[in-house]
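Peer 1: everything below, folded, please.
(one chain, ligands or ions: 1)
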Amino acid sequence: MTSMGYKTLKFPKGFLWGSAASAHQTEGGNHNDWTEWERIPGKIKDGTNSSVACDHYHRYEEDFDLAKELGHQVHRFSVEWSRIEPDRGKWDEREVDHYRAVTKTLVQRGIQPMVTLHHFTNPIWFRDAGAWLNPKSPDMFAPYCRKIAKALSEYDVIWNIINEPMNVVGGGYLLGEFPPGEHDYGKALVAAKHLLMAHGLAAKGIRETYDDLGLHQPQIAPVQVVTYIEPYDRSNGSDVELAEYVDSLYNQMWLQGVMTASIPEPAGDGSQYEPLENSADFIGVNYYSRMRVSSKLDFMAGEMPPKDDSLERCEGLDWEVYPQGYYPVIKSYWDRWRKPLFMTENGIGTLDDRLRCRYILTHLQQVHRAIQDGVDIRGYLVWSLTDNFEWTDGLSSHFGLIGMDYSTLKRTPRESAYMYREIIQKNGISGSLQQKYLGRHS
Ligand code: FCB
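Peer 2: Numbers count the residues shown, from 1 in each chain. Predicted structure coming up:
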C-alpha cells in the first residue's frame, strides 16, 4: 500500500521498540566524577548541573508508567556505580535493592530491561585511583559488574556493559570535554585498552555468575557510538586518508578488539585477551550524526570544518541531521562482523518536536532499508524517554519523547511520543504517517 508514493514499512516480528536513558542524566542526587566536573565553571555550557535532573531516582514508577502508556517494549537504563560501591569494596545494599526495584518495575509493566553498567560516570575513589589509565582499572570495575549481575539475575535482563567507550576515550582524553579533561593521544590509547579489558572481564564475570546460579546465559552486548565519518573534500587524498583513520580509530578499533578477543593496534599490539571471547551476543549501535574531517585542520585538537548550512541541526550540540549516514554505518558493521545489531540510541535534542518526528522517521527508513537488505536488526531505542541532563550542554537540551518542566518536574509527552507509539503498535510505519510528517514524496 502506498500513500502519496510512500510505502508502508513493516518491521520483523519480535522487533523491539523502546527508549534509552542513563542514571546520571536522569536520577539526580549522584556524587561521582561528573558531579565534581559540573561544578567547574565553564564545563557545562548553560551553567546547569545534574543535582536534581529529572528526579528519576524517586519517580521511576511514574516514568515507566508513561513508557508503558506510550507502548514501549524495552527500556535501556544504567546502574550508577558510585551508588553501589561508594568506596572501593564497600557495597551499599540499599542501592542494590533500589536497582532491583527499578528492574522489577519495568518487568511488571511488560517492558524488557536492558541494563548498562557504565554510562560515562565513575565513583570518586576510582577517579582518584587514575580511572581508566590505571592498569588495574579493569579489575576494579569487574566486582561491581558481578554484584549487579547477581542482584538482577532473577529478571530477564539484556546486558550492555560500557556505553560508548570511544566517547569516554575521545571526550575524556582527546577533546577534553569530559572528565578528566585531557588532550593526550597516548593516554587515550591506554584508556581504550583498559576499557576493552574491562568489557571482557565484566562479560566473563556475568557469564560465570549466571553459570554459578544455574541460569541460562543472558544476552550481552558492547555499545558503540558510530558516527559517519566523511572527508571534507572527497577529491583531496589527505582528507580521504584522515577520514579512514578517524573511522578506524573511533568506529572500528574497539569493536574489533571485542570481536577478535584481542587488543588491536594502536591501543595494543594485537595480542589475544581471553576474557573478551564470547563477550558479544549482538552489537549495540548508537547513531546521531556524521562528522566531516579536513586534513587542513588539527583534528586531534577538535578542529572541524564548517557544518553544512543546508542541513537541520540538533540544538546546542550542533550535530547535523544526516540520516543518510545511518545505513552505511549499519551495513559496515554487518558486513564486517555478521552479528545481530540493536539500535541502542538514536534521537535529537530540539524543542521543535516536528523536527524530532522527521528525525525519527527518516532514520527508521534507513533501519528498514538495512533490514530489507538482510541485516539482522533486533530493535530500536529512541534517546531518550524524557528530557534530561545532557553531558556538555546541561538541562537546556531536549532529547525527550517526553518534555520536562524542571521547575515542577512535570512530565508531558510530546507529539513525537504519540507518533512513535503508532509505529510501535503497527510494528511498522504507514505511508500516511510518513506523508503527514515528511510531506510529499519527491
Ligand atoms: C550519547 C550518549 C547519551 C546522550 C546522547 C545525546 O552519546 O550516550 O548519554 O548524551 O549522546
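
Peer 1: in a helix, Pro143, correct?
Peer 2: Yes. Assessed with DSSP: H, G, I helix; E, B strand; the rest coil, Pro143 lies in a helix.

Peer 1: OK, contacts around it?
Peer 2: Glu85, Gly89, Gly205 (Cβ atoms under 8 Å, 6 or more residues apart in numbering). Any C-beta I mention is one placed from the backbone N, CA and C, and that applies to glycine too.

Peer 1: same check on Arg292?
Peer 2: Ile229, Glu230, Pro231, Tyr232, Ala243, Met304, Pro305.

Peer 1: doesn't it fall inside a helix?
Peer 2: No. Under three-state DSSP, Arg292 falls outside any helix and is assigned strand.

Peer 1: okay, and the beta partners of it?
Peer 2: Glu230 (DSSP bridges).

Peer 1: relative to Glu230, how far out is it?
Peer 2: Going from Arg292 to Glu230 by Cβ to Cβ, to the nearest Å gives 5 Å.

Peer 1: likewise Lys410?
Peer 2: 41 Å.

Peer 1: same question, Val285
Peer 2: With Cβ to Cβ as the criterion, Val285 and Glu230 are 18 Å apart.

Peer 1: go on, Thr48?
Peer 2: Going from Thr48 to Glu230 by Cβ to Cβ gives 33 Å.

Peer 1: ok, of the contacts of Arg292, which one's closest to the ligand?
Peer 2: Comparing the contacts of Arg292 against the ligand with Cβ to the nearest ligand atom places Ile229 closest, at 15.4 Å.

Peer 1: what residues does the stretch 151-300 of the chain put near the ligand?
Peer 2: Neighbours of the ligand within the stretch 151-300 of the chain, by Cβ under 6 Å from any ligand atom: Asn163, Glu164, Asn167, Val225, Asn286.

Peer 1: for the first one, grab phi and psi.
Peer 2: In terms of degrees, to the nearest 10, the main-chain angles of Asn163 are phi -80, psi 120.

Peer 1: mind listing what the nearest residue to it once chain neighbours are set aside touches?
Peer 2: Closest residue to Asn163 apart from its sequence neighbours, by Cβ to Cβ, 6 or more residues apart in numbering: His119 at 4.3 Å. Residues in contact with His119 (Cβ under 8 Å, 6+ apart) are Ser22, Ala23, His24, Gln25, Ser78, Asn163.

Peer 1: quick one, helices of the stretch 151-300 of the chain?
Peer 2: Assigned by DSSP state H, counting those that start in this stretch, the stretch 151-300 of the chain shows helices spanning 165-169, 185-212, 237-246, 253-260.

Peer 1: pick the most deeply packed of the ones you listed.
Peer 2: Highest mean neighbour count of the helices of the stretch 151-300 of the chain: helix 165-169, a mean of 24 (counted as mean count of other Cβ atoms under 10 Å).

Peer 1: helices or strands next to it in the packing?
Peer 2: helix 185-212, strand 220-225, helix 253-260 (3 or more Cβ pairs under 8 Å, 6 or more residues apart in numbering; DSSP states H and E).

Peer 1: could these go into CSV alongside mean pLDDT and distance to Glu177?
Peer 2: Output for the helices and strands packed on helix 165-169, formatted as CSV (pLDDT from 0 to 100; distance: least, Cβ to Cβ, whole Å):
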stretch, mean pLDDT, distance to Glu177
helix 185-212, 98, 13
strand 220-225, 98, 14
helix 253-260, 98, 19
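
Peer 1: kind regards, and thank you for your time.
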